[in-house]
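Undergrad: build the 3D model from these lines:
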Amino acid sequence: MITSDQLDQVCGRLVNRSWARFSEGLKAREVDDLLVGAVIAAAVAQGNALVDLASGGSATPSSITSSTRSTRRRGRSSP
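TA: Here you go, the predicted structure:
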């Protein structure tokens with residue numbers, strides 16, 4: 001039979017693991033935001049312009065166009 005103390009320990013481990021997973025996800029989203037920002041900054045430094053950036057939560061589609069050439073690049077960032 002499982003005692004109340006054992007159940008408390010299991011519950012405590014589950015809560016701790018839940019917070020750890022939340023923190024991992026938060027860090028991953030922050031890294032993703034930094035990476036997208038760095039790509040945009042690098043593209044602008046090369047003479048391109050950001051035409052469109054949309055975020056639906058699961059992926060970030062973007063369009064970057066060159067101001068000197070008539071080229072357009074599309075990309076997608078996902079978590």
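
Undergrad: going by C-alpha atoms from here, please, whenever you check contacts or count neighbours.
TA: OK.

Undergrad: surely residue 50 is in contact with residue 40?
TA: Yes: Residue 50 is within contact range of residue 40, at 7.1 Å (criterion: Cα atoms under 8 Å).

Undergrad: buried ones in stretch 4-12?
TA: Within stretch 4-12, no residue counts as buried by 16 or more other Cα atoms under 10 Å.

Undergrad: could you pull out the helices for the chain?
TA: Remark: helices assigned in the chain by DSSP state H are 4-45.

Undergrad: show me where pLDDT drops low in it?
TA: 54-79 (pLDDT under 70).

Undergrad: try 50
TA: Within the chain, the segments meeting pLDDT under 50 span 78-79.

Undergrad: so how far is residue 48 from residue 39?
TA: The spacing between residue 39 and residue 48, counted by Cα to Cα, to the nearest Å, is 11 Å.

Undergrad: give me the more crowded residue out of those two.
TA: residue 48 (20 against 11; other Cα atoms under 10 Å).

Undergrad: beta partners of that one?
TA: For residue 48, the beta-bridge partners under DSSP bridges are residue 66.

Undergrad: ok, it to residue 20 distance?
TA: 39 Å.

Undergrad: before we move on, what about residue 52?
TA: Distance of residue 52 to residue 20, given as Cα to Cα: 34 Å.
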